[in-house]
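# pasting the structure only:
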Ligand SMILES: O=C(O)CNC(=O)[C@H](CS)NC(=O)CCC(=O)C(=O)O
């Protein structure tokens with residue numbers, strides 16, 4: 001199976017982001033990919049709540065979701081829409097950060113709402129309060145696809161290894177980590193975190209990413225790390241998207257999952273223990 005990771009530099013206007021996203025998905029389908037993945041907040045990267053209130057839509061109305069489902073069915077590909085920022089009916093007005101797995105007939109096979117919120121002060125000049133804008137999800141999601149169960153996660157989730165271990169122990173062979181990682185933490189941690197999760201779980205880790213400086217009509221522009229990454233079950237980096245936008249491809253030899261887990265059966269070696 002051939003997967004393609006789309007690396008984007010989404011701005012804060014979903015209507016402008018969509019044609020660029022669709023063009024790269026077309027390119028990936030032309031390139032022979034049967035599973036195409038886009039980054040976190042494919043539809044809108046914004047640091048401004050008022051801007052998001054203006055441009056975001058509910059899942060039922062969202063133009064990006066409708067167009068990409070249609071594209072998946074026209075091209076007959078599996079599509080992971082890494083995430084969409086969506087309005088919800090919650091009384092507090094918070095958005096959902098929701099990932100979708102779409103089948104080659106355009107049907108939504110699974111949805112996952114990001115569980116862990118990035119409420120982090122990186123430095124005096126850079127801090128994030130994701131939970132102010134988004135309501136966290138409360139359920140891990142293992143999606144069923146013909147190429148095996150897919151553990152769906154998003155970005156900051158990568159720092160919570162028990163989520164990945166649980167998904168792998170329930171059968172995940174592919175773990176998806178669409179992201180909009182900060183440049184500072186990305187340079188320090190990105191490759192290592194993704195490789196560690198792949199090694200610990202003996203699964204493929206596919207992490208399409210946002211990259212560069214994101215145009216924003218409202219508020220300061222955000223900068224993300226890029227380096228969309230595909231990691232094999234033995235921890236080897238199979239493809240790295242670098243800093244530009246575009247498509248990277250990776251051949252997934254799924255039997256490598258069973259081979260890695262046979263060589264190091266750590267997933268079956270959990271024991272109860274006491275201590276601090
Ligand atoms: O804000 C949105 O619209 C969508 N959400 C994101 O982009 C989130 C919260 S700001 N980004 C991360 O989780 C980066 C994690 C990260 O960089 C790390 O773990 O080091």
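It's in. Keep in mind the model is a prediction, meaning the values are calculated, not measured. Numbers count the residues shown, from 1 in each chain.
# doesn't residue 84 fall inside a strand?
Yes: counting by DSSP: H, G, I helix; E, B strand; the rest coil, residue 84 falls inside a strand.
# pLDDT score for it?
What the model reports for residue 84 is a pLDDT of 98.
# what parts of the stretch 1-150 of the chain come near the ligand?
40, 41, 85, 97, 118, 128, 130 (C-beta under 6 Å from any ligand atom). For glycine as for every other residue, the C-beta is placed from the backbone atoms N, C-alpha and C.
# okay, and which of those map to strands?
85, 97, 128 (DSSP state E).
# now the buried members of those residues.
85, 97, 128 (16 or more other C-beta atoms under 10 Å).
# beta partners of the last one?
Applying DSSP bridges to residue 128 yields these beta-bridge partners: residue 120.
# ok, now how distant is it from residue 179?
13 Å (C-beta to C-beta, to the nearest Å).
# want to throw the buried ones among the ones in strands among the residues of the stretch 1-150 of the chain next to the ligand into JSON lines with distance to residue 11?
Shown next, in JSON lines, are these (distance: C-beta to C-beta, whole Å):
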{"residue": "85", "distance to residue 11": "13"}
{"residue": "97", "distance to residue 11": "17"}
{"residue": "128", "distance to residue 11": "18"}
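# can you pull out the strands in the stretch 51-200 of the chain?
In the stretch 51-200 of the chain, the strands defined using DSSP state E, counting those that start in this stretch lie at 78-86, 96-102, 108-113, 119-123, 126-129, 141-143, 150-152, 174-176.
# okay if I get those strands as TSV plus distance to residue 47?
Supplementary listing: those in TSV, determined by distance: least, C-beta to C-beta, whole Å:
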stretch	distance to residue 47
strand 78-86	12
strand 96-102	14
strand 108-113	20
strand 119-123	14
strand 126-129	8
strand 141-143	27
strand 150-152	25
strand 174-176	24
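# can you give me the pLDDT of residue 216?
Value listed for residue 216 in the pLDDT field: 82.
# please name the nearest non-neighbouring residue to it.
Once flanking residues are discounted, residue 216 sits nearest to residue 12: 4.7 Å by C-beta to C-beta, 6 or more residues apart in numbering.
# are we agreed that the one you found is in a helix?
No: secondary structure of residue 12 (three-state DSSP): coil, not part of a helix.
# does it really touch residue 48, like I thought?
Yes: between residue 12 and residue 48 there is a contact under C-beta atoms under 8 Å: 7.2 Å.
# out of those two, which sits in the busier spot?
residue 12 (27 against 16; other C-beta atoms under 10 Å).
# that one: what's it in contact with?
44, 45, 46, 48, 51, 52, 55, 214, 215, 216, 217, 218 (C-beta atoms under 8 Å, 6 or more residues apart in numbering).
# please repeat the previous calculation with a cut-off of 6 Å.
The contact partners of residue 12, by C-beta atoms under 6 Å, 6 or more residues apart in numbering, come to 44, 46, 51, 216, 217.
# compute the distance between it and residue 221, please.
Distance from residue 12 to residue 221, by C-beta to C-beta: 9 Å.
# what of residue 155?
Taking C-beta to C-beta, one finds residue 155 at 18 Å from residue 221.
# just give me the neighbour total for the closest residue to the ligand within the stretch 1-150 of the chain.
At 3.5 Å from the ligand, residue 118 is the closest residue in the stretch 1-150 of the chain, using C-beta to the nearest ligand atom. Counted by other C-beta under 10 Å, the residues lying close to residue 118 total 22.
# quick one: contacts for it?
128, 130, 156.
# before we move on, what about residue 131?
Contacts of residue 131 (C-beta under 6 Å, 6+ apart): 117, 119.
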